[in-house]
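*Asks:* How does the following fold in three dimensions:
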Amino acid sequence: MDRLLPKNNTQRKIIHLDMDAFYASVEMRDNPALANKALIIGQDPRQTNGHGVVATANYVARQYGVHSAMSTMKALKLVPESEIEFVKPNFEKYRVISAQIHELMYELTDQVESVALDEAYLDVTKNKLGSYSALELAIKLQKNIFKKVHLNSSFGISYNKLLAKMGSEYAKPFGRTIILPQEAKDFLALRKISDFPGIGKKTQEQLHSFSVETGADLQKLEVDFLIKHFKKMGYVIAQHAHGIDLRPVASQRKRKSIGVERTFEPNIYNQDQALTLIRNYSNQLVEKLVEKNFSAQTVVIKIRNNNFETVTRRMKLKKASRDPIEFFQSAKALFTPLEYFLKDGIRLLGLTVTDLTDTNYEEVKLDLFKTR
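*Replies:* Residues are numbered from 1 along each chain as shown. Prediction:
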């Protein structure tokens with residue numbers, strides 16, 4: 001290895017978790033009729049004078065060449081009009097689901113670095129569950145995500161962030177990839193330079209001019225050469241080509257939300273049953289807040305009926321709290337205008353608290369109507 005490269009660290013265990021076509025998958029889950037369509041999350045250009053950008057697309061649409069950041073007008077030209085379906089993004093819904101997914105990540109480790117709503121790194125070198133391997137933890141997380149939110153994900157596992165991310169991209173959708181230290185250089189050698197995170201189109205064009213097409217070609221170049229032509233980025237590229245990435249997983253120290261939800265079979269048709277569940281949820285959330293030493297200022301209710309119509313509503317409290325009665329009263333106020341969901345049957349009911357703040361000391365009020 002080139003003398004200019006730093007000493008590698010292959011002792012860490014890093015998972016990169018990436019949800020598969022996240023926004024599109026959420027919409028297909030909530031409306032199964034979309035599953036066989038070329039689904040594009042973005043404004044329909046036929047209704048916006050040709051304006052709009054693809055936020056994401058399902059795998060049916062991707063077979064036609066549609067991808068994120070493409071103009072929706074171009075996507076419309078690629079896909080037969082009878083096959084295409086546009087859905088306006090609902091970021092409030094996606095954020096709630098993302099919070100639920102991150103809740104599951106934090107069950108494994110506090111070393112979680114969120115990259116986006118649908119993507120995160122986890123350092124499980126030391127984890128909360130004991131002597132499980134990184135693979136066992138990743139599979140457990142993947143299964144728990146599907147069980148809780150009914151969405152598929154992919155993961156990559158390796159000793160650094162670069163390889164873990166490239167691993168999660170390698171076998172999508174529902175992929176599981178492990179890259180061991182002794183396999184890293186061979187894995188990288190077979191990748192196109194466009195597969196390397198951080199090598200954009202302009203840099204790719206410059207590398208192509210030097211007849212560099214793959215990781216193997218990068219590995220043959222001297223570090224001095226890459227630094228000369230690409231400055232600081234050249235040194236990063238050289239490290240990545242040899243499987244070196246010393247960046248730590250930068251954990252987010254504050255949890256964004258805590259939630260609880262259940263799917264019901266048979267469905268809920270009774271108001272008293274729904275309110276009893278919300279009351280119990282409020283107590284459970286307070287227990288979790290006390291355990292983590294948090295208070296919360298926003299209450300979010302989520303309801304899905306038997307037709308897979310899903311609604312979330314939120315209410316901000318006057319100040320951060322962990323009073324179960326206050327949570328219940330707020331959730332009840334949010335639920336009342338949505339009671340029409342009972343007619344078709346409530347399939348899923350959830351309660352989440354967000355806007356979390358650290359609490360040094362606060363008296364926790366007892367819920368006098370607690371039934372659990």
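
*Asks:* Walk me through the domains of this protein.
*Replies:* If you go by automatic domain parsing, the domain ranges for the chain are 14-20+92-181, 23-90, 185-241, 257-358.

*Asks:* Can you give the distance from the longest one to the centre of its chain?
*Replies:* Taking Cα atoms, centre = their mean, to the nearest Å, one finds the center of domain 257-358 at 22 Å from the center of the full chain.

*Asks:* Then the second one?
*Replies:* Using Cα atoms, centre = their mean, we find the averaged C-alpha position of domain 23-90 to lie 20 Å away from the chain's own average C-alpha position.

*Asks:* End to end on that domain, go ahead and measure it.
*Replies:* By Cα to Cα, to the nearest Å, the extent of domain 23-90 from end to end equals 8 Å.

*Asks:* And for the shortest one?
*Replies:* Using Cα to Cα, one end of domain 185-241 lies 7 Å from the other.

*Asks:* Please enumerate the strands of the stretch 1-150 of the chain.
*Replies:* 14-19, 38-41, 56-57, 84-87, 112-116, 119-123 (DSSP state E, counting those that start in this stretch).

*Asks:* What residues sit buried inside the fifth one?
*Replies:* Along strand 112-116, the positions that meet the burial threshold by neighbour count (16 or more other Cβ atoms under 10 Å) are V112, E113, S114. In short, each C-beta sits where N, CA and C put it, glycine included.

*Asks:* among the strands of the stretch 1-150 of the chain, which gets the worst mean confidence?
*Replies:* Sorting the strands of the stretch 1-150 of the chain by mean pLDDT places strand 112-116 lowest, at a mean of 92.

*Asks:* of all the strands of the stretch 1-150 of the chain, which lies closest to T263?
*Replies:* strand 14-19 (18.9 Å; Cβ to Cβ).

*Asks:* Now the closest one - C-alpha only, PDB.
*Replies:* Extracted in PDB, the C-alpha atoms of strand 14-19 (Å, rounded to 0.1, in the frame of the first residue of the first chain):
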ATOM      1  CA  ILE A  14     -20.700  -0.600  10.900                       C
ATOM      2  CA  ILE A  15     -24.200  -1.100   9.400                       C
ATOM      3  CA  HIS A  16     -25.600   1.100   6.700                       C
ATOM      4  CA  LEU A  17     -29.400   0.800   6.700                       C
ATOM      5  CA  ASP A  18     -31.300   2.100   3.600                       C
ATOM      6  CA  MET A  19     -35.000   1.900   3.100                       C
END
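
*Asks:* gap between it and the chain center?
*Replies:* Worked out by Cα atoms, centre = their mean, strand 14-19 lies 9 Å from the chain centre.

*Asks:* swap in stretch 136-152?
*Replies:* 12 Å.

*Asks:* Need the residues that contact it.
*Replies:* 15, 17, 19-20, 22, 25-26, 29, 97, 100-101, 104-105, 107-108, 122, 124, 127, 129, 132, 153, 155, 157, 173-174, 176, 261 (Cβ atoms under 8 Å, 6 or more residues apart in numbering).

*Asks:* so can I have a markdown table of the strands of the stretch 1-150 of the chain showing distance to F328?
*Replies:* Converted to a markdown table, the strands of the stretch 1-150 of the chain look like this (distance: least, Cβ to Cβ, whole Å):
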| stretch | distance to F328 |
| --- | --- |
| strand 14-19 | 31 |
| strand 38-41 | 34 |
| strand 56-57 | 36 |
| strand 84-87 | 33 |
| strand 112-116 | 30 |
| strand 119-123 | 31 |
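
*Asks:* out of these, nearest to A75?
*Replies:* Here strand 38-41 is closest among the strands of the stretch 1-150 of the chain (Cβ to Cβ), at 5.5 Å.

*Asks:* Tell me where the stretch 151-300 of the chain has helices.
*Replies:* Taking DSSP state H, counting those that start in this stretch as the test, the helices found in the stretch 151-300 of the chain are 161-170, 184-189, 201-209, 215-220, 223-241, 271-292.

*Asks:* Buried residues in the fourth one, which are they?
*Replies:* When you say that, I think you mean helix 215-220. G215, D217, L218, Q219.

*Asks:* I301: which of those is nearest?
*Replies:* Using Cβ to Cβ, the buried residues of helix 215-220 come closest to I301 at G215, 48.6 Å.

*Asks:* For the closest one, which non-adjacent residue is closest in space?
*Replies:* L188 (4.0 Å; Cβ to Cβ, 6 or more residues apart in numbering).

*Asks:* residues touching K161, list them.
*Replies:* With Cβ under 8 Å, 6+ apart, K161 has these contacts: I14, H16, Y121, D245, R247, V249.

*Asks:* Please name whichever of the domains of the chain is nearest to D2.
*Replies:* domain 185-241 (4.6 Å).

*Asks:* Give me the residue ranges of the protein where confidence is low.
*Replies:* Counting by pLDDT under 70, the chain has low-confidence residues at 1, 252-255, 359-372.
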